[in-house]
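[1] I would like the atomic coordinates for the input below:
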Amino acid sequence: MPAHLRSALTATQLSIPVAGGQPLFGTWQGIFLFEHRSNTPEREIALHLIGE
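    Numbers count the residues shown, from 1 in each chain. Now for the predicted structure:
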C-alpha cells in the first residue's frame, strides 16, 4: 500500500520547456529529486530532447 500511495502522489516524468539551451523556469520553479527510502540504490535519469 505505501508504494501505491507514493506513486500516486509523486510524478514519474516531467516535461520542461527549453529555449536557447536553458530551461524556462518561473521565478520560484526548480527540479528536485528525492527518495522515499533511507538506503537508496543508485539511480539513472533518462533525458529525451525533442525539438529543433
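
[2] From residue 18, how far out is the residue nearest to residue 36 when sequence neighbours are not counted?
    Among residues not flanking residue 36 along the chain, residue 6 sits closest, at 5.6 Å (C-beta to C-beta, 6 or more residues apart in numbering). For glycine as for every other residue, the C-beta is placed from the backbone atoms N, C-alpha and C. According to C-beta to C-beta, to the nearest Å, residue 6 stands 28 Å off from residue 18.

[3] in this structure, what spans have low per-residue confidence?
    1, 52 (pLDDT under 70).

[4] just so I have it, where are all the helices in it?
    Using DSSP state H, the helices of the chain run over 2-9.

[5] one step back: how many residues are close by the residue nearest to residue 36?
    10 (other C-beta atoms under 10 Å).

[6] wait, isn't it in contact with residue 35?
    No: counting by C-beta atoms under 8 Å, residue 6 sits too far from residue 35 to count as a contact (10.5 Å).

[7] Could you give the number of residues near the residue lying closest to residue 24 once chain neighbours are set aside?
    Nearest residue to residue 24, sequence neighbours excluded (C-beta to C-beta, 6+ apart): residue 17, at 4.4 Å. Residue 17 has 9 neighbours, counted by other C-beta under 10 Å.

[8] so residue 17 sits right up against residue 29, yeah?
    No: at 10.9 Å, residue 17 and residue 29 do not qualify as touching, with contact defined as C-beta under 8 Å.

[9] Quick check: the gap between the residue nearest to residue 24 and residue 27.
    The gap separating residue 17 from residue 27 is 15 Å, by C-beta to C-beta.
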